[in-house]
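Q: generate a structure from the sequence data that follows.
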Amino acid sequence: MLDILVLAAGKGTRMRSDLPKVLHPVGGKALVQHVVDTARTVGGEQILIIVGHGAEKVQEKMAAPDVKFVLQAEQLGTGHAVQQALPQLRNDATVLILYGDVPLTRAETLQKLIAGVNEKQMGLLTVDLPDPTGYGRIVRDEKNAVVAIVEHKDANDEQKKIREINTGIMAVKAVHLQKWLPQLKNNNAQGEYYLTDIIAMAKADNIAIHVEQPNAIEEVEGINNRQQQAALERFYQKQKANELMVAGVTLLDPSRIDIRGNLTAGRDVVIDVNCVFEGDVVLGDGVTIEPNCIIINSKIGNNSHIKAYSHIEESQMAADCDIGPYARLRPGTDLADEVKIGNFVETKKAVIAKGSKVNHLSYVGDAKVGSKVNVGAGTITCNYDGINKFKTEIGDNAFIGSNSALIAPVKIGAGATVGAGSVITKDVEDAELAVARGKQRNVQGWERPKKL
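A: Here you go, the predicted model:
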């Protein structure tokens, strides 16, 4: 039985932001969301988030059926924070204590920590730092057993030489917390109730301290300012890039990719520099993404080619599509096989069938386009009258001449042709030619105006 506490009440003054610190993002996801997602992975049956500063915003963001909130009205230290949750803890549970501003601890690390907990042993996560300044030091006895944690401000000169530090992450039986937490004192330099003081209490009660350490320091690094946020962002992105390359993706520069969600890629995928992937993105086999593309909550079919500077959001395409450069696919775009969307084309709620082409400088919105349709440059579907939106339908093999305006609701039949420069306000039947433009008039003897 596992209860997980997430301490998330701090203000985060050094972030210099109105947003609670734990809601700032790494990899497109709030710090505390990373922690809660990991808590779920390790099997947290009850997840308690300790809130304080910005409590309403944190609760609104993190509300979920498996999450409860506990208010720490005054921030009087980590021990005080856990005290607030004592009434919610189940007597026979193991309690894992995490921090809402420490986002990148691996589930595997925490599982090893939890595995070492029983009625006679608690778990403590520590790490060795080249420069431990500012952190609580792990004090061991002559048998190398942990006997205490001394905060930096309370440490003597000898203790300050210790490089092994406390991460704050620990796992302990609830019955032990119920005994130890009421005994905490605040007679220290900070005037706070330190959770770390329970280590000495455990020693006094002959409860052994089982120690685990993470694979990387970044797993246990917290975020207190923008510099630390940026550093962990780069570490996170490096991890994501490595995962992609292990899976067979070619990244032309692994240091210049940003994944702010979940990216799934098939075989023989190539991603060029400065591409951003947000939300849930799926790339099929053989997909190529050129530089400076943004892809959000979209699915790209096999062997499709996304050219530079294209922006794709909440869209999907089948195989062998050719997109861009400088294309914008807005939500609701659905492309069949072999569709071509060219440079400076925008689509929105457009369903386009196999082999059709919208090559350049066009807008296709609220439209259903058949197969093998050619939409000429400068064509727009006029789908909005200022209040309501209407649909345009274009049949198979239709040809839409350049610089045409299709005033929805309107249907262009299969095999129909619309002459360039036309403004189409009525349906065009199958195989018809529609020309709707002013008659050309050539004026002889006309002279251009001259400067006065």
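Q: tabulate the CA atom coordinates of the lengthiest helix in the chain in PDB.
A: Determined from DSSP state H, the single longest helix within the chain is helix 226-246. The C-alpha trace of helix 226-246 is given here as PDB (Å, rounded to 0.1, in the frame of the first residue of the first chain):
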ATOM      1  CA  ARG A 226      15.000  30.600 -14.500                       C
ATOM      2  CA  GLN A 227      18.500  29.400 -14.900                       C
ATOM      3  CA  GLN A 228      17.800  26.100 -13.200                       C
ATOM      4  CA  GLN A 229      14.600  25.700 -15.200                       C
ATOM      5  CA  ALA A 230      16.600  26.200 -18.500                       C
ATOM      6  CA  ALA A 231      19.300  23.800 -17.400                       C
ATOM      7  CA  LEU A 232      16.800  21.000 -16.600                       C
ATOM      8  CA  GLU A 233      14.900  21.700 -19.900                       C
ATOM      9  CA  ARG A 234      18.100  21.000 -21.900                       C
ATOM     10  CA  PHE A 235      18.800  17.900 -19.900                       C
ATOM     11  CA  TYR A 236      15.200  16.700 -20.500                       C
ATOM     12  CA  GLN A 237      15.400  17.400 -24.200                       C
ATOM     13  CA  LYS A 238      18.800  15.600 -24.400                       C
ATOM     14  CA  GLN A 239      17.100  12.500 -22.800                       C
ATOM     15  CA  LYS A 240      14.200  12.700 -25.300                       C
ATOM     16  CA  ALA A 241      16.600  13.000 -28.200                       C
ATOM     17  CA  ASN A 242      18.600  10.000 -27.100                       C
ATOM     18  CA  GLU A 243      15.400   7.900 -26.800                       C
ATOM     19  CA  LEU A 244      14.500   8.800 -30.300                       C
ATOM     20  CA  MET A 245      17.900   7.900 -31.700                       C
ATOM     21  CA  VAL A 246      18.000   4.600 -29.800                       C
END
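Q: per-domain residue ranges of the protein.
A: 2-220, 226-434 (automatic domain parsing).
Q: for the longest helix of the chain, which outside residues touch it?
A: The contact list for helix 226-246, computed with C-beta atoms under 8 Å, 6 or more residues apart in numbering, reads 15-16, 24, 26-27, 103-104, 216, 218, 221-223, 251, 254-255, 257-259, 263, 265, 271. C-beta: built from backbone N, CA, C; applies to glycine.
Q: for the buried ones among those, write the corresponding PyMOL selection.
A: To isolate the buried members of the contacts of helix 226-246 in PyMOL, using 16 or more other C-beta atoms under 10 Å:
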select buried, resi 15+24+26+27+103+104+218+221+222+223+251+254+257+258+259+263+265+271
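Q: so which of the contacts of helix 226-246 sit within strands?
A: In this view, the contacts of helix 226-246 that belong to strands under DSSP state E are 26, 251, 257, 258, 259, 263, 265, 271.
Q: need these in CSV with pLDDT and distance to residue 331, can you?
A: Shown next, in CSV, are those (pLDDT from 0 to 100; distance: C-beta to C-beta, whole Å):
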residue, pLDDT, distance to residue 331
26, 98, 26
251, 98, 27
257, 98, 23
258, 98, 21
259, 98, 20
263, 98, 19
265, 98, 22
271, 98, 23
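Q: ok, residue 141 touching residue 148?
A: No. Checked against C-beta atoms under 8 Å, the pair residue 141 and residue 148 is beyond contact range at 9.3 Å.
Q: ok, which stretches of the stretch 251-400 of the chain are helices?
A: With helices called from DSSP state H, counting those that start in this stretch, the stretch 251-400 of the chain shows none.
Q: where does it have low pLDDT?
A: Within the stretch 251-400 of the chain, no range satisfies pLDDT under 70.
Q: and residue 141 and residue 148? which has more neighbours close in?
A: residue 148 (19 against 10; other C-beta atoms under 10 Å).
Q: which residue ranges form the helices in the stretch 51-200 of the chain?
A: 55-62, 78-85, 107-115, 174-180, 198-204.
Q: which of those sits closest to residue 312?
A: Of all these, helix 55-62 sits nearest to residue 312, with 26.5 Å by C-beta to C-beta.
Q: what count of nearby residues applies to the closest residue in space to residue 362 that isn't next to it in sequence?
A: Once flanking residues are discounted, residue 362 sits nearest to residue 379: 4.5 Å by C-beta to C-beta, 6 or more residues apart in numbering. Using other C-beta under 10 Å, residue 379 has 25 other residues around it.
Q: and residue 175, by the same measure?
A: By other C-beta under 10 Å, 14 other residues sit near residue 175.
Q: check what pLDDT the closest residue to it other than its chain neighbours gets.
A: Nearest in space to residue 175, with sequence neighbours left out and distances taken as C-beta to C-beta, 6+ apart, is residue 91 at 6.1 Å. At residue 91, the model reports a pLDDT of 93.
Q: and for residue 185?
A: Residue 185 is given a pLDDT of 93.
Q: how about it, what does it touch?
A: Here residue 185 is in contact with 193, 197 (criterion: C-beta under 8 Å, 6+ apart).
Q: ok, the one 4 residues further on next?
A: Counting by C-beta under 8 Å, 6+ apart, residue 189 makes contact with 151, 153, 154.
Q: circling back: winner for burial among the helices of the stretch 51-200 of the chain?
A: Burial of the helices of the stretch 51-200 of the chain is given as mean neighbour count (mean count of other C-beta atoms under 10 Å); helix 78-85 ranks first at a mean of 23.
Q: residues near residue 45, how many?
A: Residues lying near residue 45 (other C-beta under 10 Å) number 12.
Q: please disregard the earlier target; I meant residue 160.
A: When neighbours are defined as other C-beta under 10 Å, residue 160 has 12 of them.
Q: then residue 35?
A: Residue 35 is flanked by 25 other residues according to other C-beta under 10 Å.
Q: wait, residue 290 sits on residue 306?
A: Yes. The pair residue 290 and residue 306 passes the contact test of C-beta under 8 Å, sitting 6.4 Å apart.
Q: quick one, phi psi at residue 65?
A: Phi and psi for residue 65, reported as degrees, to the nearest 10, are phi -60, psi -30.
Q: ok, now how distant is it from residue 104?
A: Using C-beta to C-beta, to the nearest Å, residue 65 is found at 25 Å from residue 104.
Q: residues touching residue 84, list them.
A: Residue 84 makes contact with 50, 70, 71, 72, according to C-beta under 8 Å, 6+ apart.
Q: pull the most distant pair out of the residues you listed.
A: Within the contacts of residue 84, two members stand farthest from each other by C-beta to C-beta: 50 and 71, at 7.9 Å.
Q: so for those two, which sits in the more crowded spot?
A: When residue 50 and residue 71 are compared for neighbours, residue 50 comes out ahead with 27 against 12, by other C-beta under 10 Å.
Q: any idea whether the more buried one is helix, strand or coil?
A: strand (DSSP: H, G, I helix; E, B strand; the rest coil).
Q: beta partners for it?
A: For residue 50, the beta-bridge partners are residue 7, residue 70 (DSSP bridges).
Q: ok, which stretches of the stretch 351-452 of the chain are strands?
A: 357-360, 363-369, 374-375, 380-382, 392-394, 399-400, 405-407, 410-412, 417-418, 423-424, 433-434 (DSSP state E, counting those that start in this stretch).
Q: thank you, goodbye.
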